[in-house]
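Enquirer: any chance you could fold what I've pasted below:
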Amino acid sequence: MAATPNMESSTVAGGAKRSRSLPSRVVPPIELPASVGELSRKAAALLGWNGIVLPETTVLGRKICVVARLRTDVHAERIAMGMGPVVDRATVDTWTWPELAATAPAPAAEIIGVLAVARHWRTAMASAVPFARYGEAAMVLPSPAVLTEDYVGNCLPRARAYGLGIVTADPNAVADLDLEGHGERMILDEDPVSRLVNEIVYEQLLRETELPAEVD
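Expert: Residues are numbered from 1 along each chain as shown. Model prediction:
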């Protein structure tokens, strides 16, 4: 945050005074101490989330890193059915219709948790909260971003309310757990949004592990 400009009064013709702004000191923005991928892996280990830390991707307009595992039995069944990941939202929406629910494919990804890595807590929280309704979610922040009254007075109460965990990373990228998750929040049942997210993660898992998505 830039420092408040210094104001200096100067006399002009007729005795009137005007204020003159002097150049202010510019504080450089807080930067992440390592790549998003590295910070996500360290945060997942610290949180005890055992799974594959997938690369950052945009899901529902939010940038997140998902920690997940492939349900190999379901994957094998879907290969036999010739049904790989389906990421068309209109199609996935029909899977929760009562008349089609019995024939919908089972979720092939087990989502352990969702991480939002950002330089400021507000950005990270906006990305993490939509996914906290379905399971574990956490924010990863550079340590200078949490050493403020704004963080203590505004971020921590909201994070507790949403059940978000908070992991910090110091300038040497050493991770530390600042807040555990598992708040008293309501976890929603499976719905079209959670099914779509699962299919997106399923597709990512196949890409990362190079497993077949369908039979020839």
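Enquirer: what sits opposite the residue nearest in space to the middle of the chain in the beta ladder?
Expert: What sits nearest the mean C-alpha location of the chain, by Cα atoms, centre = their mean, is residue 116, with 2.4 Å. Per DSSP bridges, the residues bridged to residue 116 are residue 139.
Enquirer: residue contacts, it?
Expert: 62-65, 123-125, 127-128, 137-140 (Cβ atoms under 8 Å, 6 or more residues apart in numbering). Any C-beta I mention is one placed from the backbone N, CA and C, and that applies to glycine too.
Enquirer: and these, which is closest to residue 149?
Expert: residue 125 (16.8 Å; Cβ to Cβ).
Enquirer: how many other residues sit next to that closest one?
Expert: 22 (other Cβ atoms under 10 Å).
Enquirer: surely residue 203 and residue 88 touch.
Expert: No - taking contacts as Cβ atoms under 8 Å, residue 203 lies outside contact range of residue 88: 11.5 Å.
Enquirer: which one's more surrounded, the two?
Expert: Between residue 203 and residue 88, residue 203 has the larger neighbour count (other Cβ under 10 Å), namely 18 against 9.
Enquirer: still on that earlier bit, and the residue nearest to the centre of the chain, what pLDDT?
Expert: Residue 116 is assigned a predicted lDDT (pLDDT) of 98.
Enquirer: can you give me the mean pLDDT across the lengthiest helix in the chain?
Expert: Using DSSP state H to define each element, the chain has its longest helix at helix 192-209. Helix 192-209 shows an average pLDDT of 95 in the prediction.
Enquirer: residues of it that come out buried?
Expert: Buried residues in helix 192-209, counted by 16 or more other Cβ atoms under 10 Å: 193-206.
Enquirer: one step back: so which of the contacts of residue 116 sit within strands?
Expert: Residues of the contacts of residue 116 located in strands (DSSP state E): 62-65, 137-140.
Enquirer: now flag whichever of the residues you listed is closest to residue 174.
Expert: For the ones in strands among the contacts of residue 116, the nearest to residue 174 is residue 140 (12.6 Å; Cβ to Cβ).
Enquirer: can I assume the closest one is in contact with residue 173?
Expert: No - between residue 140 and residue 173 there is no contact under Cβ under 8 Å: 10.7 Å.
Enquirer: which neighbours do these two have in common?
Expert: In contact with both residue 140 and residue 173: residue 39, using Cβ under 8 Å, 6+ apart.
Enquirer: state the distance from the spatially closest residue to residue 167 that is not a sequence neighbour to residue 173.
Expert: Spatial nearest neighbour of residue 167, chain neighbours left out: residue 43 (4.1 Å); criterion: Cβ to Cβ, 6 or more residues apart in numbering. When distance is defined by Cβ to Cβ, to the nearest Å, residue 43 is 11 Å away from residue 173.
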